[in-house]
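J.: What shape does this take:
(2 chains)
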Amino acid sequence: DGGITQSPKYLFRKEGQNVTLSCEQNLNHDAMYWYRQDPGQGLRLIYYSQIVNDFQKGDIAEGYSVSREKKESFPLTVTSAQKNPTAFYLCASSIEGQVGRQFFGPGTRLTVL
Amino acid sequence: AQSVTQLDSQVPVFEEAPVELRCNYSSSVSVYLFWYVQYPNQGLQLLLKYLSGSTLVKGINGFEAEFNKSQTSFHLRKPSVHISDTAEYFCAVSSGGGADGLTFGKGTHLIIQP
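T.: Presented below is the predicted three-dimensional model:
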């Protein structure tokens, strides 16, 4: 089945540690995105990538980093510089040129203790 | 810059009653509008979208939405809701300028009461 996988579903880390969230898609989509979801805040765009080896900052990129070495993969690193990392993180992908039609993964809930 | 306002954070409705979830947007350019649904602890699924053409858009699960350019609104409606419609609903806008992500509203939690 084609789709987007995010792992793990739940992740716990100690304060001050970097942590990397995985996102893989087998839909052959060019564009991939990372969103952060907080209660009552909706989704906010962290980073997006339109093609391999290229990515752009979204609205709340500070304290996060990404890489796009392969078309299928778009990992997100939450660094110790992120002041409030506890949140639900959603990865999405889309076909270039297909406006707004994004496919979402199941999400990773990160809790920093 | 563009923004989306969902006026109600929660909407309680009795089963089989009609429902309307409100969405207003602001943008200096033409926009494309979307409604997504999120069931508990899951990702988002596209309900429907408006790109152009007819202002009344029909989506999955019996939902529909109407684009009103003069009122900058894109309200979501369903004539008769079911318990399974309990979820978080997000309105989103895109200016269509490449794959640059969506701007989401803060969401409306639809609560269906038996």
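
J.: quick one: contacts for residue A:83?
T.: Under the criterion of Cβ atoms under 8 Å, 6 or more residues apart in numbering or on different chains, the contact partners of residue A:83 comprise residue A:63. In this view, the C-beta of every residue, glycine as well, is placed from N, C-alpha and C.

J.: any idea which element it lies in?
T.: When elements are assigned from DSSP states H and E, residue A:83 belongs to no helix and no strand.

J.: Tell me how many other residues surround residue B:70.
T.: Around residue B:70 sit 5 other residues, with neighbours defined as other Cβ atoms under 10 Å in any protein chain shown.

J.: and it, helix, strand or coil?
T.: Secondary structure state of residue B:70, per DSSP: H, G, I helix; E, B strand; the rest coil, is coil.

J.: quick one: it and chain A, what's the gap?
T.: Here the distance between residue B:70 and chain A works out to 22 Å (Cβ to the nearest Cβ, to the nearest Å).

J.: Can you report phi and psi for that residue?
T.: In terms of degrees, to the nearest 10, the main-chain angles of residue B:70 are phi -70, psi -30.

J.: check contacts around residue 72.
T.: You didn't pick a chain, so chain A it is. With contact taken as Cβ under 8 Å, 6+ apart, residue A:72 is in contact with A:24-26.

J.: To clarify, I was referring to chain B.
T.: The contact partners of residue B:72, taken as Cβ under 8 Å, 6+ apart, are B:24-27.

J.: Return a PyMOL selection command for the buried portion of the residues you listed.
T.: Restricted to buried positions by 16 or more other Cβ atoms under 10 Å in any protein chain shown, the PyMOL selection for those reads:
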select buried, chain B and resi 24+25+27
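
J.: Mind putting the contacts of residue B:72 into JSON lines with secondary structure, pLDDT and distance to chain A?
T.: Listed next are the contacts of residue B:72 as JSON lines, based on DSSP: H, G, I helix; E, B strand; the rest coil; pLDDT from 0 to 100; distance: Cβ to the nearest Cβ, whole Å:
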{"residue": "B:24", "secondary structure": "strand", "pLDDT": "96", "distance to chain A": "14"}
{"residue": "B:25", "secondary structure": "strand", "pLDDT": "94", "distance to chain A": "13"}
{"residue": "B:26", "secondary structure": "strand", "pLDDT": "90", "distance to chain A": "15"}
{"residue": "B:27", "secondary structure": "strand", "pLDDT": "81", "distance to chain A": "13"}
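
J.: Out of the contacts of residue B:72, which two sit at the greatest distance?
T.: Using Cβ to Cβ, the two most remote members of the contacts of residue B:72 are B:24 and B:27, lying 10.9 Å apart.

J.: re the thing from before, from the contacts of residue A:72, pick the one nearest chain B.
T.: Here the nearest of these to chain B, counting by Cβ to the nearest Cβ, is residue A:25; it sits at 11.9 Å.

J.: Tell me the bridge partners for the closest one.
T.: In this structure, residue A:25 has beta-bridge partners residue A:4, where bridges are defined by DSSP bridges.

J.: buried stuff in stretch A:51-59?
T.: A:55, A:58.

J.: Export that stretch to CSV, keeping only CA atoms.
T.: Output for stretch A:51-59, consisting of C-alpha atoms alone and laid out as CSV, is shown next (Å, rounded to 0.1, in the frame of the first residue of the first chain):
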residue,chain,number,x,y,z
ILE,A,51,12.8,18.5,-4.4
VAL,A,52,15.7,16.4,-3.2
ASN,A,53,18.6,18.4,-1.6
ASP,A,54,16.5,21.5,-1.2
PHE,A,55,14.2,22.7,1.6
GLN,A,56,12.7,25.9,2.9
LYS,A,57,11.8,27.3,6.3
GLY,A,58,8.2,27.5,7.2
ASP,A,59,6.6,29.7,9.8
